[in-house]
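Engineer: Predicted model and sequence follow; I will ask about them next.
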Amino acid sequence: MNTDAIADLRKSYELAALNESESLADPRLQFERWLQEAITSHIPEPNAMTLATVSSDMRPSTRVVLIKGIDERGPVWYTNYQSRKGQELAGNPYAALQFHWVELERVVRIEGVVTQVSDEESDAYFHSRPLDSRIGAWASPQSQPISGREVLVDAAAKYSAEFLTQPPRPPHWGGYRLAPARWEFWQGRKSRLHDRLAYTPGHDGHWLRERLAP
């Protein structure tokens, strides 16, 4: 590939601004505002986020997961606890999330400590999923090597026959919640003079909001 073609890629960011006077004092509410705008803009998969974890030998890894809820405790997603990300979170609970809404020229970064959600929360979400997705949670040994796709197809057929329409939640599958210790909101601006607002814990339970150089 011609590397000059890559180096010459350019985009001017001119859709919006992010000012201290217009942003919300609570970063969770600011995030929810932006997420709702992403949803109503009908951009592809507005709930997709990159999850970054670190292994026991200090090697980082990332993957895309889907946010499935958020409240004052933080954002939630669901996955296989025995997957690579699950094993890394078991050894090091510090993680980071990133949302990139390309069409809106926006990025949100969230850093904090991850814990598993309660069994009740995991059960409730699991049973709200389509049947095929619930069977898939049993059929896929996520992140483990398999000899071919037929392994998954055969496993799905096996669990479908065993559970019919009522598969229970697998014990190795459930939710995670990240308790935010830092938020950052990025809005693209013209001439690469982007807007960046960072939120970190302040006094008396309030958040300290600071502008960062782009």
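Structural biologist: Sure, I can see it.

Engineer: Look up which residues are beta-bridged to residue 180.
Structural biologist: Counting by DSSP bridges, residue 180 forms beta bridges with residue 112.

Engineer: roughly how far apart are it and residue 157?
Structural biologist: 41 Å (C-beta to C-beta, to the nearest Å). C-beta coordinates here come from the backbone N, C-alpha and C atoms, glycine included.

Engineer: who's more crowded, those two?
Structural biologist: More neighbours surround residue 180 than the other of residue 180 and residue 157, with 22 against 12 (other C-beta atoms under 10 Å).

Engineer: Surely the more buried one touches residue 112?
Structural biologist: Yes: counting by C-beta atoms under 8 Å, residue 180 does reach residue 112; the two are 4.5 Å apart.

Engineer: and for these two, which residues touch both?
Structural biologist: residue 74 (C-beta atoms under 8 Å, 6 or more residues apart in numbering).

Engineer: Just the terminal-to-terminal distance for stretch 78-93.
Structural biologist: 15 Å (C-alpha to C-alpha, to the nearest Å).

Engineer: Which parts of the chain are helices?
Structural biologist: For the chain, the helices defined by DSSP state H occupy 3-7, 27-40, 84-91, 119-126, 131-139, 149-163.

Engineer: Out of these, which is closest to residue 102?
Structural biologist: helix 27-40 (10.2 Å; C-beta to C-beta).

Engineer: Export that closest one to CSV, keeping only CA atoms.
Structural biologist: Output of helix 27-40 as CSV, limited to C-alpha atoms (Å, rounded to 0.1, in the frame of the first residue of the first chain):
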residue,chain,number,x,y,z
PRO,A,27,-19.9,13.7,33.6
ARG,A,28,-22.4,10.8,33.6
LEU,A,29,-25.2,13.2,32.6
GLN,A,30,-23.0,14.7,30.0
PHE,A,31,-22.2,11.2,28.6
GLU,A,32,-25.9,10.3,28.6
ARG,A,33,-26.7,13.4,26.7
TRP,A,34,-24.1,12.6,24.1
LEU,A,35,-25.1,8.9,23.9
GLN,A,36,-28.8,9.9,23.4
GLU,A,37,-27.7,12.3,20.6
ALA,A,38,-25.7,9.4,19.0
ILE,A,39,-28.8,7.2,19.2
THR,A,40,-31.2,9.8,17.7
